[in-house]
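Student: Below is the sequence, then the predicted model.
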Amino acid sequence: MNKSNNITISIVTYFSDHLIFKRLDKLKKFKSIIVENSLKKELKTALENKYRLTKVILPNKNMGYGGGNNLAINKIKTKYCLILNPDAYLEEKDLKNLLKYISELPEFGILFPRANNIVSKNYFKKLNKNYAEVYYDNFLKFSSGCCMLINIELLKKKKIGFFDENFFLYNEEQDLVKRCHDNNLKIYLLKKCIVKHKPNSSHNPRLNTDVELFKHWHYTWSYFYFLKKHF
């Protein structure tokens, strides 16, 4: 059985034309749903014409990161969803390792590829395993929501749901991890699956000033909302 048939990739784009074709060129074997938050009909047409397994959704408005991924997840028929940012990518060997982890690990809520940095590398030097259980208050040291594999079936079964759409941007993955742990679902960090990420490059560089102001506002708001919600 082709294990890739169990996964659908969700990518939320926002003026990401300069990256999305490069990402999908490497992911042709997987089903994918793109939520195009910049609402460009011509991009939808170009992507669906080029990639046979890709469907592009144009929402009625910019849904944000969590809302956009929720829109995709609720359309997905496979057991797992791989959430991927346009400015993050996995090498072919890391994708193969991800498929192995799915088969080898006990029942899990979320799997996080580790970040390509010295902090995550040193973390695993202290461990004898190829994976480690992580928690809402420490996983961001070693990875991020730029790449995460969600067990859709299990999150539905446990009635956890997916992203809280009150988070437009930032902290939505930390909130989901916290809710999984509160319901005793395991979250694992993967030693042999590495994600490469170039933060703040998923949008067109011409929008840098506006987007940075936008992000700073949401970063602060989301942090306070997370604390208010859980503590």
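Tutor: Good, I have the coordinates.
Student: Where does pLDDT dip in the chain?
Tutor: Counting by pLDDT under 70, the ranges of the chain that qualify are 1-4, 200-204, 207-208.
Student: quick check: longest helix of it.
Tutor: Assignment by DSSP state H gives helix 208-230 as the longest helix of the chain.
Student: helix, strand or coil for Leu149?
Tutor: Of the three states, Leu149 takes strand according to DSSP: H, G, I helix; E, B strand; the rest coil.
Student: Around it, how many other residues sit close by?
Tutor: The local packing of Leu149 (other C-beta atoms under 10 Å) involves 25 other residues. Quick note: C-beta positions are derived from backbone N, CA and C, even for glycine.
Student: Test of understanding: give the bridge partners of it.
Tutor: In this structure, Leu149 bridges to Leu82, Leu111 when assessed by DSSP bridges.
Student: And the strands in the protein?
Tutor: 7-13, 31-36, 54-57, 80-84, 88-90, 110-115, 131-133, 147-151, 187-197 (DSSP state E).
Student: Could you dump those strands into CSV and include distance to Tyr170?
Tutor: Output for the strands of the chain, formatted as CSV (distance: least, C-beta to C-beta, whole Å):
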stretch, distance to Tyr170
strand 7-13, 13
strand 31-36, 17
strand 54-57, 22
strand 80-84, 15
strand 88-90, 15
strand 110-115, 17
strand 131-133, 24
strand 147-151, 15
strand 187-197, 15
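Student: Just give me the residue closest to the centre of the chain.
Tutor: Taking C-alpha atoms, centre = their mean, the centroid of the chain lies closest to Ile83, which sits 2.8 Å from it.
Student: For Val134, see how far away Met148 is.
Tutor: 11 Å (C-beta to C-beta, to the nearest Å).
Student: before we move on, what about Leu189?
Tutor: Leu189 is 5 Å from Val134, by C-beta to C-beta.
Student: Find residues that contact each of these two.
Tutor: Shared contacts of Leu189 and Val134 (C-beta atoms under 8 Å, 6 or more residues apart in numbering): Phe112, Phe142, Ser143.
Student: Run a quick neighbour tally on the residue nearest to the second one when sequence neighbours are not counted.
Tutor: What it means is Phe142. Among residues not flanking Phe142 along the chain, Ser120 sits closest, at 4.2 Å (C-beta to C-beta, 6 or more residues apart in numbering). If you count neighbours by other C-beta under 10 Å, Ser120 ends up with 21.
Student: same check, this time on Arg52
Tutor: 8.
Student: quick one on the thing from earlier: can I get the shared contacts of Leu189 and Val134 in JSON lines including distance to Tyr89 and neighbour count?
Tutor: Output for these, formatted as JSON lines (distance: C-beta to C-beta, whole Å; neighbours: other C-beta atoms under 10 Å):
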{"residue": "Phe112", "distance to Tyr89": "15", "neighbour count": "27"}
{"residue": "Phe142", "distance to Tyr89": "18", "neighbour count": "22"}
{"residue": "Ser143", "distance to Tyr89": "14", "neighbour count": "24"}
